[in-house]
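# Give me coordinates for this.
(chains A and B)
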Amino acid sequence: MASNSNEHPLIKTDVINLTWYDGRYPINEGTAISGHMAIKWESNTGLITGQEISDLRSDPTQDYKNTRQFIKLDQAFREQLKEYSEAFKGKTNFALKELMNLSSDILLKTLPDKISLQLTEEGCIFYTLLKNNITIFFSHYLTADIHDIDESIISIYKGESNLLNYAGELWETIHAANKVLHSFNIAIPEFA
Amino acid sequence: MRLPKKITPDNIREAVVEVKFESDSSSELFPGIIYEAFDASYTYTNRPLKPAPQNLASPRQELRIQINTQSLLYNDKIIIQIIPNAFIFTCLSKYVGWSEYKLEIEKALNIIEKTKRVQIWTRVGIRYISEYPQKDLRDCTKFQFSFGLPETASEMVAFKSEFSYKEAKVILNLNNHLPLIVQKKEANRFDIIPTSLIDIDVIKVISNLKDIQELLKVLEDVHILEKELYFGLLREDFLETLHPEY
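Numbers count the residues shown, from 1 in each chain, chains lettered A, B, ... in the order given. I've put the predicted structure just below:
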């Protein structure tokens, strides 16, 4: 039994979806209509993936924040590419951007609180990522040919204590990282 | 109802504007068409798009066509996402205020209009998400919540309502004390801050609208509805703390 009132004089509510959490028994909205298909109203404005916010504890602004973080990385990458052009001699900007898309997107899928990148004279993108109290330093070397496997280095810290240092091919590094990050509820997609 | 022109602080975390359209041009051509139409003050980029999570147990499961790439165009103020049959606008950094934001959207829509690839405009949506750290919604809005267990005190409440309002469809989400992780100023220090969210999405479905000036009029009307709903929800004493300017 639930009641509500928003006291707005002009509003007549057509569909109410009310979820109560007491920390133990989250009520799943789906259970009330089990076996029936809910008729959708309108999808939310700006819903990119078509994904509704099914977990009401999740932050509805996360998708937009993630896109904004990607734009910031894109801006930094384009700006620094002019400065470090010698380090990436022989590679087209298009190929470099595609590689940047790959590693930045993998890291952004962890939904970081903060993320930044710095190009280096060794021809790599050095990312710093913060999520909860975990810091990840990730180097993605762009020196390989586009069809070769990229080399990468990762270091993971919880506060001051070092949890992992690993170097290897891109997917090996991510696999090693996930073994450590698993216990902190952070996962980097291995088949993105 | 008298609507303020400005409040300080505005607490707006996201201001999303979406304009949907129909075209006889193929949707995969649109990023290229748009890229050609916009000048060098806009940067085009793209990224692989994360797939929607598949939950086979969900009764809301539906057939979806997955878009592989997110096409993005940005300048120093706004981001434009180009998806099949829709343009989605967001601010590049913080909310710049409606006058400036609308001007940027108008500029972009006029450029898009000149490509002559849009047959009709079909939907306008404006969604504002405002956040209130350490605030209880009962202290800032007219929202009241009770249920049949009076001895319990909810630590968190999530409320979603869908309703019609002056020929628009509205999706209202109110989250009271959503536990958000916030980074403190000291490096690597995080706190969980109970944060309340007011998420108002006003959607106007339009039919057979071709004229760009009419579209901009609809956009302005939807924004006024958004304001009416937001300010209509706020308690008067709380509104006063936001220093409204009329």
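
# Now do the buried residues in the longest strand seen in chain B.
In chain B, assigned by DSSP state E, the strand with the most residues is strand B:190-209. Going by neighbour count (16 or more other C-beta atoms under 10 Å in any protein chain shown), the buried part of strand B:190-209 is B:190, B:194-204, B:206, B:209. (Glycine included, C-beta is placed from N, CA and C.)

# mind checking which helix or strand of chain A has the lowest mean pLDDT?
Least confident helix or strand, chain A: strand A:2-5 with a mean of 46, by mean pLDDT, DSSP states H and E.

# which residue sits closest to the residue in chain B positioned nearest to chain A, ignoring its sequence neighbours?
Across chain B, no residue is closer to chain A than B:Gly125, which sits at 3.1 Å (C-beta to the nearest C-beta). Nearest residue to B:Gly125 in three dimensions, chain neighbours excluded: A:Thr45, at 3.1 Å (C-beta to C-beta, 6 or more residues apart in numbering or on different chains).

# same deal with A:Gly46?
Closest residue to A:Gly46 apart from its sequence neighbours, by C-beta to C-beta, 6+ apart: B:Val16 at 3.9 Å.

# ok now the helix or strand hosting the one you found, how far from the chain's centre?
Using DSSP states H and E, B:Val16 sits in strand B:12-22. Distance of strand B:12-22 from its chain centroid, counting by C-alpha atoms, centre = their mean, to the nearest Å, is 5 Å.

# That one vs strand B:190-209, what angle?
Interaxial angle, strand B:12-22 versus strand B:190-209 (axes from the mean of the first three to the mean of the last three C-alpha atoms, to 10 degrees): 30 degrees.

# pLDDT (mean, whole number) over strand B:12-22?
What strand B:12-22 shows for mean pLDDT is 95.

# Direction included, what does it pair up with?
Partners of strand B:12-22 in the sheet, by DSSP bridges, are strand B:86-91 (antiparallel), strand B:120-133 (antiparallel).

# Redo the ones you listed as JSON lines? Include distance to B:Pro244, mean neighbour count and mean pLDDT.
Output for the strands paired with strand B:12-22, formatted as JSON lines (distance: least, C-beta to C-beta, whole Å; neighbours: other C-beta atoms under 10 Å in any protein chain shown; pLDDT from 0 to 100):
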{"stretch": "strand B:86-91", "distance to B:Pro244": "22", "mean neighbour count": "22", "mean pLDDT": "95"}
{"stretch": "strand B:120-133", "distance to B:Pro244": "14", "mean neighbour count": "21", "mean pLDDT": "95"}
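
# Report back the residue of chain B that's furthest from centre.
In chain B, the residue that sits farthest from the middle, by C-alpha atoms, centre = their mean, is B:Glu151; the gap is 36.8 Å.

# That residue: what secondary structure?
Under DSSP: H, G, I helix; E, B strand; the rest coil, B:Glu151 falls in the coil class.

# Tell me the spacing between it and A:Ile174.
Look at B:Glu151 and A:Ile174: by C-beta to C-beta, to the nearest Å, they are 49 Å apart.

# And for B:Lys166?
Distance of B:Lys166 to A:Ile174, given as C-beta to C-beta: 50 Å.

# Comparing those two, which shows the higher neighbour count?
Using other C-beta atoms under 10 Å in any protein chain shown as the criterion, B:Lys166 and A:Ile174 rank with A:Ile174 on top: 24 against 14.

# quick one, what contacts the more buried one?
With contact taken as C-beta atoms under 8 Å, 6 or more residues apart in numbering or on different chains, A:Ile174 is in contact with A:Ile106, A:Ile154, A:Ile188, A:Glu190.
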